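Student: predicted coordinates and the sequence they were generated for:
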Amino acid sequence: MAYFEWADDLVIDHGPIDQDHRHLVDLVNQLHTATSQGRGREVVSRVLGELLAYARDHLSREEALMREVGFPRLEQHQIGHAHFIGQLEELKRQYEAGSITVASQLSSVLRDWLSLHIRRSDKEARAFVQKKSGG
């Protein structure tokens, strides 16, 4: 069983946003698997770098979609995104400073953030879009 399981209640658009989220979930699971096999330190640098780049790209796409549809809580969403990127950057700093607990911390941060962010904030945006489009 994977550390973080994709579930139906995580589905947002059956398209690019879900593909991005699934990729992020895959990265969380790769990191957790490596950590549980004692290889966390080996893969954390690669996964952290990929996560930061991918998260920034994904979040900017998500924000652009929200801006496009006039989502009224865009600013709050952006604050949450900035906080998440800040957490990833802080974990990267800790890793580069030699911390040996970054892999497990990163797994937890990602699992919790993805689960809460998708299930709350992204669902709220999806409901707004559906209501606005009459669907």
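Tutor: On my side now, so go ahead. Numbering: from 1, shown residues only.
Student: low-confidence stretches in this protein?
Tutor: Within the chain, the ranges that satisfy pLDDT under 70 run 1, 135.
Student: list the contacts of residue 55.
Tutor: 24, 84, 85, 88 (Cβ atoms under 8 Å, 6 or more residues apart in numbering). Just so you know, the C-beta spots here come from the backbone N, C-alpha and C atoms, and that holds for glycine as well.
Student: could you double-check that the third one lies in contact with residue 56?
Tutor: Yes: Residue 85 sits in contact with residue 56 when judged by Cβ atoms under 8 Å, with a separation of 6.4 Å.
Student: so which helix or strand takes in the most centrally placed residue in the chain?
Tutor: The centre of the chain sits closest to residue 114, judged by Cα atoms, centre = their mean, with a distance of 4.7 Å. For residue 114, the element it lies in under DSSP states H and E is helix 102-116.
Student: outside of that helix itself, list whatever touches it.
Tutor: Contacts for helix 102-116 (Cβ under 8 Å, 6+ apart): 3-4, 10, 21, 24-25, 27-28, 31-32, 34-35, 40-41, 43-44, 47-48, 51, 84, 87-88, 91, 94-95.
Student: okay, and which of those map to helices?
Tutor: By the criterion of DSSP state H, membership of the contacts of helix 102-116 in helices covers 21, 24-25, 27-28, 31-32, 34-35, 40-41, 43-44, 47-48, 51, 84, 87-88, 91, 94-95.
Student: any of the residues you listed buried? List them.
Tutor: When the ones in helices among the contacts of helix 102-116 are checked for burial by 16 or more other Cβ atoms under 10 Å, the buried set is 21, 24-25, 27-28, 31-32, 34-35, 40, 43-44, 47-48, 51, 84, 88, 91, 95.
Student: out of the contacts of residue 55, which is nearest to residue 61?
Tutor: Lowest distance from residue 61 to those (Cβ to Cβ) belongs to residue 24, with 12.6 Å.
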